[in-house]
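>>> Dropping a prediction and its sequence here:
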Amino acid sequence: MLNPVIGVVTLGCPKNLTDTEVMLGLLKDAGFKITFDIDEAQFVLCNTCSFIGDARKESIRTLVELADKGKELIIAGCLAQHFKEELLNEIPEARAVVGTGDINQIVNVIRAVADDSSLRLMQVSDTPNVPDYSSEEVLPRVMTGMGASAYLKIGEGCDHSCSFCIIPMLRGKFRSRSIDSLEKEARILVKAGVKEIVLVSQDSTYYGVDLYGKLALPELLERLHEIEGLEWIRLMYAYPTEATTEILETIAKLPKVVKYVDIPLQHSHNAVLKSMARPLNPERVVQKIREIVPDVKIRTTLIVGFPGETDEQFEHLVDFVKEHRFDRLGVFAYSKQTEVPSGNMPDQIKESVKKARRSKVMKLQHQISTELNEAMVGQEIDVLIEGFDEQRKHYIARSQWDAPGVDNQVYIQEPKSASEPTPEIGEICRVRIIKAKPYDLFAKTVMTSENLPKPELVLSK
């Protein structure tokens, strides 16, 4: 079986998705046939997640289901990095495991196991610090379905030591890609029809420290901003102490950089944050973002039920959410992992308490989100058209304040007459909001892409 048909399954975060797309690009260039129909596949490349307990369970469940279908498995990603020996020992269908720093070896791995039916291969570097992200090389990618949007991974790994996070163990130290390689890849994506590029890494605001000796995100944003045909640039995963005035002013002044800041704060109470090994006084960075970036919308994530979190500390978090009224909010119940410091801390919280606390914050956010969305009724905003629902007869879109897959959507009614503007999938158009729900907006088209005015550069303060 020299050239088996390769199926693919991706689990976890957008960073994992980009790794999958690179592996598929390498396989395609090497002459392998790729399929998204698992029934057709002989080998299935499964890129796994191991960030929290639920993610591990989903990864294991998926692998078992694929094995039950008789598929031979190439297991990549964080679970492979984390449990390399266990996966090979406990899953007979696992032909190979490929670590997070070894994705550039995927062609050699699959060729080896395809040539020798008895071979079971472990390609997992102990320290996941390859490939070399500083080079100007752009690895091939096979896009897997974001349409007019694409992720661009600007770095790998993380230098922080949050007490609840396993990422540095699974992904290694932070490594930035060069600005030249990122610009080159972005131009390739735009030439292929991409209108929105979403910058991702474990810590995007840390970008450039290892390569350039400074926080180089402003330079990267300015370089990407010059690409003709690129409409939106979105930044995900900012770190509180790295959300500098220069970075925020760059977001504010560049029209193509959407006014959306994704900044995981994790908690509000300094005692809990200290135990998490996270930056203190998060209210300061929230205020700073809103002062510097006009019309900004902030997304954050919070963890409830962290070891030792008291009722008073939790209520402090509730008050924090009430006060700052985040536009987008994700809340997670703490997931215990014994490989990191928090998993061995005293005063672990009962699961029932964690769930109750998460439910309370989400109920509060439901109310806040409802009020914020209702305030948008009557406003005109620009949205990216992502698809059309034939059954409901409406277009599906996102505003600049909504990241793909995690935030609100805008549903646009189909034009009722030939005189009404008709949106085009993959284009940006202007709509008027006519109705709001807690996490979705409903709109009608006002202006299509060819008539939209070009935004002007905002001068720095």
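Thanks, I have it.
>>> going forward, measure contacts between C-alpha atoms and count neighbours the same way
OK.
>>> export stretch 438-445 as PDB, just CAs?
Provided in PDB are the C-alpha atoms of stretch 438-445 (Å, rounded to 0.1, in the frame of the first residue of the first chain):
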ATOM      1  CA  PRO A 438     -28.900  37.000  23.000                       C
ATOM      2  CA  TYR A 439     -26.200  35.600  20.800                       C
ATOM      3  CA  ASP A 440     -27.400  36.400  17.200                       C
ATOM      4  CA  LEU A 441     -28.500  39.400  15.100                       C
ATOM      5  CA  PHE A 442     -30.900  39.600  12.200                       C
ATOM      6  CA  ALA A 443     -30.500  42.100   9.400                       C
ATOM      7  CA  LYS A 444     -31.300  43.300   5.900                       C
ATOM      8  CA  THR A 445     -28.800  44.300   3.300                       C
END
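>>> Same question for it: list its buried residues.
Residues of stretch 438-445 classed as buried under the neighbour-count rule (16 or more other CA atoms under 10 Å) are 438, 440, 441, 442, 443, 444, 445.
>>> same check, this time on stretch 144-155
Buried residues in stretch 144-155 (16+ other CA under 10 Å): 147, 148, 149, 150, 151, 152, 153, 154, 155.
>>> ditto for stretch 82-100
Under 16+ other CA under 10 Å, the buried positions of stretch 82-100 are 82, 84, 87, 88, 93, 94, 95, 96, 97, 98, 99, 100.
>>> do stretch 269-284 as well
For stretch 269-284, by 16+ other CA under 10 Å, it's 269, 272, 273, 275, 276, 278, 279, 280, 282.
>>> Double-check residue 225 against residue 254; I have them as touching.
Yes: counting by CA atoms under 8 Å, residue 225 does reach residue 254; the two are 7.2 Å apart.
>>> what's the neighbour count on residue 70?
Residues lying near residue 70 (other CA atoms under 10 Å) number 13.
>>> And the longest helix anywhere in the chain, how far out from the chain middle?
If you go by DSSP state H, the chain has its longest helix at helix 351-374. On the basis of CA atoms, centre = their mean, to the nearest Å, helix 351-374 sits 22 Å off its chain's mean C-alpha point.
>>> Stretch 6-15 now?
On CA atoms, centre = their mean, the centre of stretch 6-15 falls 12 Å from the chain's centre.
>>> where do the strands sit along the stretch 101-250 of the chain?
121-123, 149-153, 155-156, 175-176, 196-200, 232-235 (DSSP state E, counting those that start in this stretch).
>>> Outside of the last one itself, list whatever touches it.
In other words, strand 232-235. Here strand 232-235 makes contact (CA atoms under 8 Å, 6 or more residues apart in numbering) with 195-200, 204, 221, 224-225, 256-258, 260-262, 400, 403.
>>> got TSV for the buried residues of stretch 269-284, with distance to residue 431 too?
Listed next are the buried residues of stretch 269-284 as TSV, based on distance: CA to CA, whole Å:
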residue	distance to residue 431
269	40
272	43
273	41
275	45
276	42
278	40
279	39
280	40
282	34
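>>> Which members of those residues are the farthest-apart pair?
275 and 282 (14.6 Å; CA to CA).
>>> Residue 32 should be in a helix, yeah?
No: using DSSP: H, G, I helix; E, B strand; the rest coil, the secondary structure at residue 32 is coil, not a helix.
>>> That one and residue 5 touch, don't they?
Yes: the pair residue 32 / residue 5 is scored as a contact, 6.7 Å apart, by CA under 8 Å.
>>> Between those two, point out the one with more neighbours.
The neighbour comparison of residue 32 against residue 5 (other CA under 10 Å) goes to residue 32, with 19 against 16.
>>> For the nearest residue to the more buried one once chain neighbours are set aside, list the residues it contacts.
In space, and not counting its chain neighbours, residue 32 is closest to residue 3: 5.9 Å by CA to CA, 6 or more residues apart in numbering. Residues in contact with residue 3 (CA under 8 Å, 6+ apart) are 31, 32, 33, 111, 114.
>>> Ok, residue 100 next?
By CA under 8 Å, 6+ apart, residue 100 lies in contact with 76, 77, 78, 80, 81, 124, 128, 170, 171.
>>> just checking, it is part of a strand?
No: according to three-state DSSP, residue 100 belongs to no strand; its state is coil.
>>> on that earlier part again, quick one: secondary structure of the residue nearest to residue 32?
Per three-state DSSP, residue 3 ends up coil.
>>> Pull up the gap between it and residue 120, please.
Distance of residue 3 to residue 120, given as CA to CA, to the nearest Å: 17 Å.
>>> What of residue 422?
Counting by CA to CA - residue 422 and residue 120 are separated by 54 Å.
>>> What is the nearest of the buried residues of stretch 144-155 to residue 15?
Nearest member of the buried residues of stretch 144-155 to residue 15, counting by CA to CA, is residue 153, at 6.5 Å.
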